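Enquirer: got a predicted model here, sequence first, then my questions.
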Amino acid sequence: MSNGTPVPPPTGMPPAGGKGPGEQKALIALILGIASLVCTPICGIISLVIGKQAEQEGYVGSNVKIGKILSFVSFGLWALGIVFYIIFVVVLSTVAFW
């Protein structure tokens, strides 16, 4: 405006920090979902909990969904790895005694 008064931001915008409700928790859920693929499924469990908190705070976006999907993929891969390990041990123990 020409009289020197600042123009207020449009309504519906996130706060001045640029983060909407639950956005930081959603990003943490995404990072932990990725970490659950590389490190341990415990990160996946934490990702699901934090993602649920972000949804309850009103976050609507893809970060939480992707974090959840990565966590469930991690659970499946770890379970598959455990099954293959058990099969390997059983086969190895039967072959070793022949």
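Expert: Received it, and whenever you're ready, just let me know what you need.

Enquirer: quick one: the helices in this structure, in order.
Expert: 23-38, 41-56, 62-96 (DSSP state H).

Enquirer: let me know which of those is tucked in deepest.
Expert: The highest mean neighbour count among the helices of the chain, using mean count of other CB atoms under 10 Å, belongs to helix 23-38: a mean of 21. C-beta coordinates here come from the backbone N, C-alpha and C atoms, glycine included.

Enquirer: now do that one against helix 41-56, angle only.
Expert: 160 degrees (axes from the mean of the first three to the mean of the last three CA atoms, to 10 degrees).

Enquirer: what's helix 23-38 in contact with?
Expert: Helix 23-38 is contacted from outside by 14, 42-44, 46-48, 50-51, 53-54, 57, 59, 61, 63-64, 66-71, 73-74, 77, using CB atoms under 8 Å, 6 or more residues apart in numbering.

Enquirer: just the pLDDT at the residue nearest the centre of the chain, thanks.
Expert: For the chain, the residue sitting closest to the mean C-alpha position, by CA atoms, centre = their mean, is G67 at 2.7 Å. Looking at G67, its pLDDT is 92.

Enquirer: does it touch Q53 like I think?
Expert: No. With contact defined as CB atoms under 8 Å, G67 does not reach Q53; the gap is 11.7 Å.

Enquirer: got a markdown table for the helices of the chain, with distance to P8 too?
Expert: A markdown table is the format used below for the helices of the chain (distance: least, CB to CB, whole Å):
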| stretch | distance to P8 |
| --- | --- |
| helix 23-38 | 22 |
| helix 41-56 | 28 |
| helix 62-96 | 29 |
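
Enquirer: not counting residues beside it along the chain, what's closest to I66?
Expert: L30 (5.7 Å; CB to CB, 6 or more residues apart in numbering).

Enquirer: from V73, how far off is the one you found?
Expert: L30 sits at a distance of 13 Å from V73 (criterion: CB to CB, to the nearest Å).

Enquirer: try A35
Expert: 13 Å.

Enquirer: tell me how many other residues surround N3.
Expert: Counted by other CB atoms under 10 Å, the residues lying close to N3 total 4.
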